[in-house]
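**Q** Predicted model and sequence follow; I will ask about them next.
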Amino acid sequence: MKKAKLIISIILIIVLVIPLLFSFTKIIKWNIDNINTSKRLDVINKNVKQEEKEDTIYTNIISDSEIIKSKFLDVDFTNLFSENSEVVGWLYLPGTNINYPFVKHNNNSYYLFHSFDKKWNDAGWIFLDYRNNVDELDANTIIYGHGRLDGTMFGSLRDTLTDEWLNNKENQVVKISTLSNNYLFEVFSVYRIKTTNDYLYNNFEIVEEYSAFLSKITTRSIKDFQVEVTTKDKIITLSTCYNNSEKLVLHAKLIKQQKRY
């Protein structure tokens, strides 16, 4: 009888300890991924030259807005290509930590689990939808990233839900630099939503479909940015997980473009 009780006690201890060990291992792995990501960002920021650039004869004003007064972000990609030939652009969103190069693979899963140096990392990296071409913009150009709790990748995208961010007009411009172009996009919608793919369409066969799509994603916004969006506009979408059951999404429309070369 005593032996049976001892066996039962041992089994119970094992049942309790295994989940704890699993959780502990996950925490260690999460911290290691964070450290490696931070190191990678430090290297990138030291080796990459960024500068603001004024309008030139190659600038195309696409939409009348106060934000068109903003300067372009211009990035030297030379050192980035030496590390990862799949880099396609640089993304900057004021009022957040988002100031990173972004990449593109032949699918939308690789960079969910690989860092910029292509080493396995659950923090992943910021990446362009494989269906998009950032220098030949589709109706909807999509960029993804994990919503990391330490604020890296798209973790700080949740700052766009705060009054401080929403009430600062200077925050509401997405700046992108690519090999061929520099872009400015004006934010027109930010929201949380139960996990869905209905905002991830790239192109539309008929104008009416695009019009309905724009109306849907604009109506979802937690704030009326008073930015008119029409079917003549091209938009960019930033998408991340807010939690296990919700997505956090930001949309912005193209308002100014500058050819680099």
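**A** Thanks, I have the structure now.

**Q** Sketch out the low-pLDDT regions of the stretch 1-150 of the chain for me.
**A** 1-31, 34 (pLDDT under 70).

**Q** all strands of it, in order?
**A** Taking DSSP state E, counting those that start in this stretch to define them, one finds strands in the stretch 1-150 of the chain at 50-53, 59-61, 72-75, 87-92, 99-103, 127-128, 140-144.

**Q** next one: the stretch 151-261 of the chain
**A** Taking DSSP E, counting those that start in this stretch to define them, one finds strands in the stretch 151-261 of the chain at 173-177, 181-194, 235-241, 246-259.

**Q** Could you check the angle the shortest one makes with strand 99-103?
**A** Per axes from the mean of the first three to the mean of the last three C-alpha atoms, to 10 degrees, the angle that strand 173-177 makes with strand 99-103 is 50 degrees.

**Q** List just the one of the strands of the stretch 151-261 of the chain that sits closest to Asp135.
**A** Judged by C-beta to C-beta, the one of the strands of the stretch 151-261 of the chain that comes nearest to Asp135 is strand 181-194, at 5.9 Å. Just so you know, the C-beta spots here come from the backbone N, C-alpha and C atoms, and that holds for glycine as well.

**Q** Now that closest one: buried residues?
**A** Applying a neighbour-count criterion of 16 or more other C-beta atoms under 10 Å, the buried positions in strand 181-194 are Asn181, Asn182, Tyr183, Leu184, Phe185, Glu186, Val187, Phe188, Ser189, Val190, Tyr191.

**Q** ditto for stretch 163-182
**A** Within stretch 163-182, the residues that count as buried by 16+ other C-beta under 10 Å are Trp165, Leu166, Asn171, Gln172, Val173, Val174, Lys175, Ile176, Ser177, Thr178, Asn181, Asn182.

**Q** Only alpha carbons, please: show it as CSV.
**A** Taking Å, rounded to 0.1, in the frame of the first residue of the first chain, the C-alpha atoms of stretch 163-182 are listed here in CSV:
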residue,chain,number,x,y,z
ASP,A,163,-4.3,58.7,-27.2
GLU,A,164,-0.7,60.1,-27.1
TRP,A,165,0.0,58.6,-30.5
LEU,A,166,-3.4,59.2,-32.0
ASN,A,167,-3.4,62.9,-31.1
ASN,A,168,0.0,63.6,-32.6
LYS,A,169,-0.4,64.3,-36.3
GLU,A,170,3.4,64.0,-36.9
ASN,A,171,3.1,60.3,-35.9
GLN,A,172,0.7,59.5,-38.7
VAL,A,173,3.1,59.2,-41.6
VAL,A,174,4.6,55.9,-42.6
LYS,A,175,8.0,56.4,-44.3
ILE,A,176,9.5,53.7,-46.5
SER,A,177,12.7,53.7,-48.4
THR,A,178,13.5,51.1,-51.1
LEU,A,179,16.3,50.7,-53.7
SER,A,180,14.2,52.6,-56.3
ASN,A,181,11.8,54.9,-54.4
ASN,A,182,11.2,56.8,-51.2
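
**Q** Now that stretch: average pLDDT?
**A** Stretch 163-182 shows a mean pLDDT of 96.

**Q** Just give me the neighbour total for the nearest residue to Asp233 once chain neighbours are set aside.
**A** Across the structure, with C-beta to C-beta, 6 or more residues apart in numbering as the measure, the residue nearest Asp233 apart from its sequence neighbours is Lys253 (4.5 Å). Neighbour count of Lys253, defined by other C-beta atoms under 10 Å: 24.

**Q** Okay, Lys253 and Asn197: tell me how far apart.
**A** Applying C-beta to C-beta, to the nearest Å, the value for Lys253 to Asn197 is 21 Å.

**Q** What of Tyr261?
**A** For Tyr261, the distance to Asn197 - C-beta to C-beta - is 36 Å.

**Q** cool, and Asn99?
**A** 27 Å.

**Q** So the two - more neighbours on which side?
**A** Set side by side, Asn99 and Asn197 show more neighbours around Asn99, with 17 against 8, by other C-beta under 10 Å.

**Q** For Lys256, see how far away the more buried one is.
**A** In this view, Asn99 and Lys256 are 19 Å apart by C-beta to C-beta.
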